[in-house]
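Novice: Below are the sequence and a predicted model; questions follow.
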Amino acid sequence: MVNNITISTEKIWEILGTVTDPEVPVLTILDLGIVRDVVVTNDAVEVVITPTYTGCPAMDMISMNIRMALAEHRVNNVKITSVLSPAWTTDWMSEAGKQKLKTYGIAAPNKNFEIPEDGVECPLCNSINTRLISEFGSTACKALYQCNDCKEPFDYFKCH
């Protein structure tokens with residue numbers, strides 16, 4: 001029981017599944033795999049998160065959004081714990097999240113290369129005839145590419 005209401009760990013995970021990433025709003029924090037643990041005690045809920053990279057500016061907003069989502073369900077005694085070890089990896093992303101990225105126009109991480117010079121699949125036309133424009137895209141966790149076939153620029157979510 002938290003705040004005089006009975007809430008399960010499963011319900012907390014369900015609520016967290018509605019919290020989106022402020023930088024890529026089609027992804028939830030569960031899609032990203034940054035939620036490491038949920039601990040429900042008699043009087044509080046602790047949510048353990050790992051940033052996609054140290055110093056990620058979105059983490060403060062994500063923490064606030066977690067608090068707000070839980071508050072909507074009358075869970076107000078919330079502790080957000082950020083852990084850096086083990087470091088987040090794109091391996092923690094869900095397959096559904098990677099598909100959401102592609103649909104949104106961002107190439108999903110691909111472990112075939114760390115920062116490939118070329119060959120990243122264009123999320124718009126599926127061509128691999130692409131080229132690296134910049135190792136940094138709209139955010140530090142993305143690289144900027146251009147498709148040589150459809151000529152469109154696109155972000156690639158870098159592997160970590």
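Specialist: Cool, got the structure. Numbers count the residues shown, from 1 in each chain.
Novice: Poorly predicted segments of the protein, please.
Specialist: Counting by pLDDT under 70, the chain contains low-confidence ranges at 1-5, 112-118.
Novice: Let me see the ranges of the helices in it.
Specialist: For the chain, applying DSSP state H gives helices covering 9-16, 29-32, 58-71, 95-104.
Novice: Tell me, domain by domain, which residues of this structure belong where.
Specialist: Residue ranges for each domain of the chain read 9-88, 93-157, as given by automatic domain parsing.
Novice: can you put the ones you listed in JSON lines and add mean neighbour count?
Specialist: To be clear about C-beta, it is placed using only N, CA and C from the backbone, and glycine gets the same treatment. JSON lines is the format used below for the domains of the chain (neighbours: other C-beta atoms under 10 Å):
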{"stretch": "domain 9-88", "mean neighbour count": "16"}
{"stretch": "domain 93-157", "mean neighbour count": "17"}
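Novice: can you pull the contacts of the residue nearest the centre of the chain?
Specialist: Geometric centre of the chain, nearest residue: Leu32, 3.0 Å, by C-alpha atoms, centre = their mean. Shown in contact with Leu32 (C-beta atoms under 8 Å, 6 or more residues apart in numbering): 21, 52, 92-93, 97.
Novice: same thing with Asp91?
Specialist: Contacts for Asp91 (C-beta under 8 Å, 6+ apart) come out as 33, 111.
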